[in-house]
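1. what follows is a predicted structure for the sequence shown.
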Amino acid sequence: MTDETDPQTAIDAQGERRRADLDDRIREYSAGDDQKGIPFVGAGPGDPGLLTVTGTELLEDADLVVHAGSLVNSEVLEAYCDDAELVNSIGKDLEELIPLMRDAYEDGDSVVRLHSGDPAIYGAALEQMDALEHEDVPTYLVPGVTSAFAASASLRTQLTLNEVANHVAFTRPQGKTLSAEEDHISEFVGMGDVTTCIYLGTHAVGETMDRLLEDGHEPETPVAVVYHASWPDEDVIVGTIATIGDRLAEAGHRASAMVIVGEAVTGAGYERSFLYGDWATRGSQD
Ligand SMILES: C[S@@+](CC[C@H](N)C(=O)[O-])C[C@H]1O[C@@H](n2cnc3c(N)ncnc32)[C@H](O)[C@@H]1O
């Protein structure tokens, strides 16, 4: 690739453009509209039934699907990608991925970039979209069901619950990407009424819980680890800040799980909402 098409140059240029002006397409289209270009599709959490109708149609029409490897349930590919060439993006850098998608698109192929869950959550989609747009290949997003939502469905709970869980945080623990200062899990848990959904943290649950205990958080706070939510081999492990590390070690999962911390895990102790209380009958009285 020349310097002109170097992904970092493209990302910087697109960032400048975005800062200067709103993309006209933001007002022209909304998610779900027919659009031109390469769609960045959320595959959902795993169950092929949880892919959107738009995502399904795009996969069925695709000539080339670039997918996120083991993060995407192969059942989704088997169900909808009969006619497409499949390329696993894991282990490929932008320098390889961008020309691959650009050339196929310019040759007239229908190209789909398939991300796990929703591309907007820890998906690194925007850098690929910026690099493609910089090369005059239009792109757009098709949302998917993020794994935190699949995990809450598996737990048969809500992530927000009146009085118990008034907020939700999507976060990840410190590690190669985040420094200790950038890790805010302890702050979210300390707020008390936040359901903390930890992505990319399965391998580090023990250390994360140890840090919460060191910071003085209530050891009995409920924690769930939902491995492969909505996959056939889904595994739900429930415990507390004090116990979940050992329980997860016994189960042996080191990746691909959603960790949820907070009272919403059990769904206990919430207050009845106004929606189906006083507000429901407001104005209906003679
Ligand atoms: C690179 S991030 C991608 C997240 C994805 N974009 C989403 O919206 O779910 C990968 C992390 O998402 C979580 N994850 C993805 N699919 C999952 C599933 N089916 N069940 C539980 N966690 C999942 C895990 O924490 C995993 O480490």
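-> In hand now; what should we look at?
2. for T171, see how far away the residue nearest to A242 when sequence neighbours are not counted is.
-> In this structure, A242 finds its nearest non-sequential neighbour in P219, 3.7 Å apart by Cβ to Cβ, 6 or more residues apart in numbering. (Glycine included, C-beta is placed from N, CA and C.) Distance of P219 to T171, given as Cβ to Cβ, to the nearest Å: 20 Å.
3. ok, the two, which is more surrounded?
-> T171 (22 against 12; other Cβ atoms under 10 Å).
4. what pairs with that one across the strands?
-> I198 (DSSP bridges).
5. that one touches T195, doesn't it?
-> No. T171 lies out of contact with T195 (Cβ atoms under 8 Å); the separation is 10.8 Å.
6. how much space separates V112 from A124?
-> 17 Å.
7. the more surrounded of these two?
-> More crowded of V112 and A124, by other Cβ under 10 Å: V112, with 26 against 11.
8. quick one: contacts for the more buried one?
-> I38, P39, V41, L58, L59, A62, L64, V65, V66, A84 (Cβ atoms under 8 Å, 6 or more residues apart in numbering).
9. ok, A148 next?
-> Here A148 is in contact with I121, L159, V168, F170, C197, Y199, M258, I260 (Cβ under 8 Å, 6+ apart).
10. P232 too?
-> E75.
11. quick one, phi/psi of it?
-> Dihedral angles of P232 (phi, psi; degrees, to the nearest 10) stand at phi -60, psi -30.
12. go through the host helix or strand of P99 and flag the buried ones.
-> Here P99, judged by DSSP states H and E, is contained in helix 94-106. Residues of helix 94-106 classed as buried: L94, L97, I98, P99, L100, M101, R102, A104, Y105 (neighbour count, 16 or more other Cβ atoms under 10 Å).
13. now pLDDT and distance to the ligand too, for the residues you listed, in CSV please.
-> Below are the buried residues of helix 94-106 laid out as CSV (pLDDT from 0 to 100; distance: Cβ to the nearest ligand atom, whole Å):
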residue, pLDDT, distance to the ligand
L94, 95, 16
L97, 96, 15
I98, 96, 19
P99, 96, 23
L100, 97, 20
M101, 98, 18
R102, 97, 23
A104, 98, 23
Y105, 98, 23
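14. now L94. Nearest residue, chain neighbours left out?
-> P7 (4.0 Å).
15. so what's that neighbour up against?
-> P7 sits in contact with M1, L94, E95, I98, E127, D130, A131, where contact means Cβ under 8 Å, 6+ apart.
16. if we use 7 Å, what do you get?
-> L94, E95, I98, E127, A131 (Cβ atoms under 7 Å, 6 or more residues apart in numbering).
17. contacting residues around the residue nearest to the third one when sequence neighbours are not counted?
-> I take that to be I98. Nearest residue to I98 in three dimensions, chain neighbours excluded: A131, at 4.6 Å (Cβ to Cβ, 6+ apart). Contacts here follow Cβ under 7 Å, 6+ apart; on that basis A131 touches P7, A10, I11, L94, I98.
18. which pair of those residues spans the longest distance?
-> I11 and I98 (11.0 Å; Cβ to Cβ).
19. burial of S152, as a residue count?
-> S152 has 24 nearby residues by other Cβ under 10 Å.
20. my guess is it contacts L159. True?
-> Yes. The criterion here is Cβ atoms under 7 Å, and S152 meets it with L159 at 4.9 Å.
21. re the thing from before, and of the contacts of P7, the nearest to D246?
-> So of the contacts of P7, ranked by how close each gets to D246 (Cβ to Cβ), first place is E127, at 38.1 Å.
22. for the ligand, what's its nearest residue on the stretch 51-200 of the chain.
-> G117 (2.0 Å; Cβ to the nearest ligand atom).
23. give me the pLDDT for the residue nearest the centre of the chain.
-> When Cα atoms, centre = their mean is applied to the chain, the residue found nearest the centroid is I121 (3.8 Å). pLDDT, the model's per-residue confidence, is 98 for I121.
24. now do the one 5 residues further on
-> At L126 the predicted local confidence, pLDDT, stands at 96.
25. likewise for T5?
-> 66.
26. rewinding a little: report the two of the contacts of A148 separated the most.
-> I121 and I260 (14.4 Å).
27. give me every residue that touches G175.
-> Taking Cβ under 7 Å, 6+ apart as the test, what G175 contacts is A204.
28. same thing but at 8 Å, please
-> L200, A204.
29. phi, psi of it?
-> Residue torsions, per degrees, to the nearest 10, at G175 are phi 170, psi -140.
30. what does T157 give?
-> phi -140, psi -180.
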